[in-house]
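Asker: how would this look folded up:
(one chain, ligands or ions: 1)
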Amino acid sequence: PGGAAAVRREDVLIACPDNNVTEYIFEKIGVDLHRRPEHPLGILKNAIMDYFDETYGKNAFRMFDDLHPIVSSYENFDSVLVPEDHVSRSKNDTYYVTADTVLRCHTSAHQLSLLKQGEKRFLVTGDVYRRDSIDATHFPVFHQMEGVRVFTQDEIAGSELTGEELASQELKNMLEGLARHLFGEVEMRWVDAYFPFTNPSYELEIYFNGEWLEVLGCGVMETKILNEASLVNERAWAFGLGLERLAMVLFDIPDIRLFWTDDARFLKQFKPGMFRSGGVGMQKFKSYSKYPPCYKDVSFWLPDESTFTENNLCEIVRATAGDIVEEVKLIDEFRNPKTDKVSNCFRISYRSMDRSLTDDEINELQETVRESLVEKLGVTLR
Ligand code: PHE
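Answerer: Okay, the predicted model is just below:
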């Protein structure tokens, strides 16, 4: 009730100069993969909730997983102190429904309103939306879980540490415990980070498939946010983790697009009770045979006043070809010294997760992509 499914199509796909939500993105609203107990994202969400129940006592943290993804830009940015000129506010990075309404780009958008409602320990799970480049670990819609825990004046007074030290220490211990609960022995490292809403701020990275994957951001909440919720002389920690990234490591899922498939060869490998703490004896995902990729290059001159961005290109590619696009990569760039014109060449890798693609269909898609690039981005094809 009141959940994401209640969204009305006309609220999102409205003709408004600021609206940059494509049909492809719109259709993801209300799918709510994180609310399916038999889906890897639901299994992971429940495994994390179990860790909080075990660590803090049953239901010590209040769970929210049906807060609507359309929020005001105040909630998404201002309420968590994102500066007026921060890049994340741009229409290149964020989906705007209207000039002051967005598809949330993080679950932090709900921090302040929940604190104002008097919540002191909570978890928020939800779908978040970001315009971005395309590869095996990035998809424009993904899922986050946010955690917040407030330390009262009494708790701080009863400790030898300052409020900030107390929050910082518990946060790191708790998250390392969570990583061990999920993965057992896994290589991890803390990296100093910056978020407008926490100070100090950290990121946790986990080693997976030969690279360090950033899996969560966290820190001690800026007191300005707490004060705004009338919490004076209290401190809090907050974290936000990416469920897909963690699920990819936990189950050995090689490509982020798989979370969206309805192919039984994927779905039947996941069951509600399958999680094993530390991954001990847990079934990993067995990749079914990969279908051959099909590469298409597109070269063009950028328009003079450069409004061209890679995110805009990727948006068009997704809107046209959907999730059969595996990667979009800039493979060549040069400036003509005489005309000062810049040329880019992008390689688009098409590969379906569940079937072979035909030459004809890819040629047709590529042609539509090329036409849209001219029409929407003003490039000149070469
Ligand atoms: N909102 C941050 C992100 O999306 C994560 C975060 C949450 C960081 C809470 C600190 C505290 O990356």
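
Asker: can you name the residues that contact the closest residue to residue 356 other than its chain neighbours?
Answerer: Excluding the flanking residues, the one nearest residue 356 by CB to CB, 6 or more residues apart in numbering is residue 291, at 5.1 Å. (Glycine included, C-beta is placed from N, CA and C.) Contacts of residue 291 were listed using CB atoms under 8 Å, 6 or more residues apart in numbering, and they are 351, 352, 353, 354, 355, 356, 357.

Asker: show me which residues of the stretch 151-300 of the chain are close to the ligand?
Answerer: Counting by CB under 6 Å from any ligand atom, the positions of the stretch 151-300 of the chain adjacent to the ligand are 195, 198, 217, 218, 219, 238, 239, 240.

Asker: and these, which are buried?
Answerer: 195, 198, 217, 218, 219, 238, 239, 240 (16 or more other CB atoms under 10 Å).

Asker: filter those residues down to the ones in strands?
Answerer: Secondary structure from DSSP state E places 195, 198, 217, 218, 219, 238, 239, 240 of those in strands.

Asker: any chance of those in TSV with pLDDT as columns?
Answerer: Shown next, in TSV, are those (pLDDT from 0 to 100):
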residue	pLDDT
195	97
198	98
217	97
218	98
219	98
238	98
239	98
240	98
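
Asker: show me where the stretch 151-300 of the chain has strands.
Answerer: Here the stretch 151-300 of the chain has its strands, by DSSP state E, counting those that start in this stretch, at 188-195, 198-208, 211-221, 235-242, 294-301.

Asker: need the winner for burial among those strands.
Answerer: Highest mean neighbour count of the strands of the stretch 151-300 of the chain: strand 235-242, a mean of 23 (counted as mean count of other CB atoms under 10 Å).

Asker: keeping just the C-alphas, turn that one into PDB.
Answerer: Only the C-alpha atoms of strand 235-242 are listed here, as PDB (Å, rounded to 0.1, in the frame of the first residue of the first chain):
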ATOM      1  CA  ARG A 235      25.500  11.800  17.000                       C
ATOM      2  CA  ALA A 236      24.800   9.200  14.400                       C
ATOM      3  CA  TRP A 237      26.400   6.900  11.800                       C
ATOM      4  CA  ALA A 238      25.000   6.300   8.400                       C
ATOM      5  CA  PHE A 239      25.900   3.900   5.500                       C
ATOM      6  CA  GLY A 240      24.600   3.200   2.100                       C
ATOM      7  CA  LEU A 241      25.500   0.000   0.300                       C
ATOM      8  CA  GLY A 242      24.900  -1.200  -3.300                       C
END
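
Asker: now for it, which elements pack on it?
Answerer: Judged by 3 or more CB pairs under 8 Å, 6 or more residues apart in numbering; DSSP states H and E, strand 235-242 is in contact with strand 141-151, helix 163-183, strand 211-221, helix 223-228.

Asker: relative to the third one, what are the paired strands and their orientations?
Answerer: Spelled out, that is strand 211-221. strand 198-208 (antiparallel), strand 235-242 (antiparallel) (DSSP bridges).

Asker: show me the shaky parts of this structure.
Answerer: 1-7 (pLDDT under 70).

Asker: could you find the closest non-adjacent residue to residue 169?
Answerer: Excluding its sequence neighbours, the residue lying closest to residue 169 (CB to CB, 6+ apart) is residue 161, at 6.8 Å.
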